[in-house]
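quick check, what structure comes out for this input:
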Amino acid sequence: MVDINCNIFDLLVSGIIKNSFIDKKWCSTYLLLILLLNLVGCNKSNNSSSEMPPVKQDTLVQSQELTTQLVNSNYLLKTEKYFLLINNDTSDFNCLISKSKEDRSYSMNLSFFAGYSSYAERLKELKLILPSIDQKYSLDSLKSIYLGRLIYYGDLAISVTKSYQEQYDTSKKIEDYEAISTFLMKTKLADDFNTLLKPYAVSIKKISAEKIFFATKTELLTLNKISYNRDSIPDKILDCMIWIKVGK
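Down below sits the predicted model:
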């Protein structure tokens, strides 16, 4: 399996994050969060985790406040990691919520190990986690969600690519990033996350994409659990780094 955090770290260090609605200072903030998650993520039985009320039988939402010394104190007041404990087994899916010093708003960062679960399973886990986050932080102040690379979202990447093929020529290099941003707002990506966020009175205002290129079908299949018939999957898969801007 491939650790998605390492892949995001490599892309960040390469300096490909630019011209995003996220302020430049957030690039360093996300980098520190990813480094921090790598340090604490392997400790599945950390005693500092706080147990939330059960969301269903044998499933608990848990949280862990991340070490303040490792969080970028210039920009953040705090960062907390949320995850599920399912039948005493810690899920690989993590949702980090961070509070900004500047305007007291919240940002979210999704992290997981590629290939361990499907897109539908992660979406279900996020849906279970969000009420606990809202109870403590109030998601009506959420401003952004960082997803990382689209290809790590398996079935979602396939759906978005199929939609792209209906409108654009995949043999051409993508240069108009604003057009892609507009396109993504009309895909399953926007639909799914708007559905998730609707109970909290917020919605997607913009989807920004960076480092847009076409990955291979082989890479997609190596990194994901998918539900699509393999013969129906395009040979070229749209891939990019994704931020979602959220607002009321």
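
and the strands in this protein?
2-3, 50-56, 59-65, 76-86, 89-90, 94-100, 106-111, 113-114, 142-149, 203-216, 236-247 (DSSP state E).

look up the residues forming beta bridges with the residue lying closest to Leu147 once chain neighbours are set aside.
If you skip the residues right next to it in sequence, Leu147 has Ile242 as its closest partner in space, 4.3 Å away by Cβ to Cβ, 6 or more residues apart in numbering. Backbone N, C-alpha and C define where each C-beta goes, glycine included. Each beta-bridge partner of Ile242 is listed here, defined by DSSP bridges: Gly148, Ala209.

just the one 5 residues further on next, same as before
Residues in a beta bridge with Gly247, per DSSP bridges, are Ser203.

next one, pLDDT for it please.
For Gly247, the pLDDT comes out at 95.

would you agree it is in contact with Tyr200?
No: counting by Cβ atoms under 8 Å, Gly247 stays clear of Tyr200, with 11.6 Å between them.

and these two? which has more neighbours close in?
More crowded of Gly247 and Tyr200, by other Cβ atoms under 10 Å: Tyr200, with 18 against 13.

low-confidence stretches in this structure?
1-57, 67-73 (pLDDT under 70).

look up the closest residue to Tyr200, ignoring the ones flanking it.
Setting aside the residues directly before and after it, Tyr200 is nearest to Leu139 in space (Cβ to Cβ, 6+ apart), at 3.9 Å.

so what's Gly58 up against?
For residue 58 the amino acid is Asp, not Gly. Shown in contact with Asp58 (Cβ atoms under 8 Å, 6 or more residues apart in numbering): Ile86, Asn87.

Leu84 versus that one, what's the distance?
Relative to Leu84, Asp58 is positioned 10 Å away (Cβ to Cβ, to the nearest Å).

kindly report the same for Leu76.
24 Å.

between these two, which is the more surrounded one?
It is Leu84, of Leu76 and Leu84, that has more neighbours when counted by other Cβ under 10 Å, with 23 against 20.

count residues in the vicinity of the closest residue to that one other than its chain neighbours, would you?
Take Leu84 and drop its neighbours on the chain: the residue closest to it by Cβ to Cβ, 6+ apart is Ser91, 4.3 Å away. When neighbours are defined as other Cβ under 10 Å, Ser91 has 21 of them.

residues touching Ser91, list them.
If a contact means Cβ under 8 Å, 6+ apart, then Ser91 has Phe83, Leu84, Leu85, Ser117, Glu125 as its contacts.

spatially central residue for the chain, please.
Using Cα atoms, centre = their mean, the residue of the chain that lies closest to the mean C-alpha position is Leu147, 2.5 Å off.

list the contacts of Ile204.
Ile204 makes contact with Met185, Ala190, Phe193, Asn194, Leu197, Ile244, Lys245, Val246, according to Cβ under 8 Å, 6+ apart.

let me fix that: Asp191
Neighbouring residues of Asp191 by Cβ under 8 Å, 6+ apart: there are none.

who does Phe113 form a beta bridge with?
Counting by DSSP bridges, Phe113 forms beta bridges with Asp3.

quick check: the gap between it and Gln165.
With distances taken as Cβ to Cβ, Phe113 is found 29 Å from Gln165.

again with Ser159
Shown here: Ser159 relative to Gln165, a distance of 11 Å by Cβ to Cβ.

quick one on the thing from earlier: which one's more surrounded, Phe113 and Gln165?
For Phe113 versus Gln165, the count of surrounding residues by other Cβ under 10 Å is larger for Phe113: 18 against 13.
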